[in-house]
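Have a look at this prediction, sequence included:
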Amino acid sequence: MNILINSRFLTQKITGTQRFAIEISLQLKKLMLNVVFVSPRNILHTKIANELNVKTIGVNTGHLWEQVDLPVYLKKVGNSLLINLVNAAPLIYKNQIITIHDLAFLKHPEWFSRKFYLFYRTLIPKIAKKAKIILTVSNFSKTEIINLLNIPSQKVEVIYNGISNKFSFNPSIKKENFILAVSSLDPRKNFKNLILAFKKLKLKEHKLLIVGSKNKVFSNQEIEQLIKETPNIEFTGYVPDEELVNLYQRAKLFVYPSLYEGFGLPPLEAMACGTPVVVSNVASLPEVCGDAAYYVNPYDVNDIAKGIETVLKYELLQKELIKKGLERVKLFSWEKSAEKLAKIIEEVVQN
């Protein structure tokens, strides 16, 4: 049986979910010879598409391609097993494995545009019921999928994110006086409280550098205005991975005060680059970061400020967090995750 990978993620900007799909796909390509990658024509990442030997099909793009062109093609090629790695999947197709990274749209609909919320509120429960297997990226998300979607636990498998080798520690690079935050500017990332905490500290020798892009699906907020009002806060927008690695390596501290995560890859990327990490004590982050981070209450501006101040103040704590972080990231590997997925696929095919 041919195994098809829904590669619509190659037509999207790279955020955490697309990175998961890309890295897992690159590893699956090495492990499984009978995997075929199919995508709409409007591919953004041509180099990756060439590595995967992607086949472009259909005439539509976006959700319309996924809901119309892709099922039509699947029927033509004999109802192959379809693997979906980025949340959405064809509504009318049963022979598929889907991936639900988190259920933020159900837990916090106020963070999203109404159109986005209604689409996923309709789609996700239905494809979850029909799917052979549901993949997710943490035990935290697995528990929410079981409880909120009423899915049997044996139907949900956890496949952790990994760390790309490009995120690496270079001891020859000197740390500089800036605090780094990395993510898209959506409400769950809690940048408002981070900025308020930073302003509260009145750090004259350190600046706050925020890296990320604003996604149009999220509700309006005042973060951009707060950034403009504070001279030692800099917003870079989206940066390519090569530049991002350099920022991680040079940062004195990485802060991730997220209110909700299905996984939370940036803290691990920072750890891999030898930077101490301050993160929220909620959702999946304690599961992912273990004892290698300094934890704060993301709802409490004073606690976020205290966490930043404490780690900046004590050099021994910084060294301890760096050491533990470099050990922690060894637990997360795209190769191991892809091997686990390959076994799951083989079991579904055999059954």
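Thanks, I have it.

For residue 195, list the residues it contacts.
Residues near residue 195 by Cβ atoms under 8 Å, 6 or more residues apart in numbering: 208, 223, 226-227, 230, 233. C-beta: built from backbone N, CA, C; applies to glycine.

Against which helices or strands is the worst-scoring helix or strand of the chain on mean pLDDT packed?
Among the helices and strands of the chain, helix 223-229 carries the lowest confidence by mean pLDDT, DSSP states H and E, at a mean of 74. Secondary-structure packing of helix 223-229 (3 or more Cβ pairs under 8 Å, 6 or more residues apart in numbering; DSSP states H and E): helix 191-201, strand 233-237.

May I see the buried residues of the shortest one?
In this case it means strand 233-237. The neighbour-count check on strand 233-237 (16 or more other Cβ atoms under 10 Å) flags 233, 235 as buried.

Mind splitting this structure into its structural domains?
For the chain, automatic domain parsing gives the domain ranges 3-162+333-350, 176-331.

nearest to residue 252, of the helices and strands packed on helix 223-229?
If you check each of the helices and strands packed on helix 223-229 against residue 252 by Cβ to Cβ, helix 191-201 wins as the nearest, at 13.0 Å.

now the closest one against strand 233-237, angle please.
Interaxial angle, helix 191-201 versus strand 233-237 (axes from the mean of the first three to the mean of the last three Cα atoms, to 10 degrees): 150 degrees.

of the contacts of residue 195, closest to residue 152?
Comparing the contacts of residue 195 against residue 152 with Cβ to Cβ places residue 223 closest, at 39.8 Å.

who's in contact with the residue nearest to the closest one when sequence neighbours are not counted?
Once flanking residues are discounted, residue 223 sits nearest to residue 191: 5.1 Å by Cβ to Cβ, 6 or more residues apart in numbering. Residue 191 makes contact with 181, 183, 185, 210, 223, 257 under the criterion Cβ under 8 Å, 6+ apart.

quick one: which of those residues has the most company?
In terms of neighbour count, residue 257 stands highest of the contacts of residue 191 at 29 neighbours, by other Cβ atoms under 10 Å.

I'd like the distance between that residue and residue 155.
Residue 257 is 33 Å from residue 155, where distance means Cβ to Cβ, to the nearest Å.
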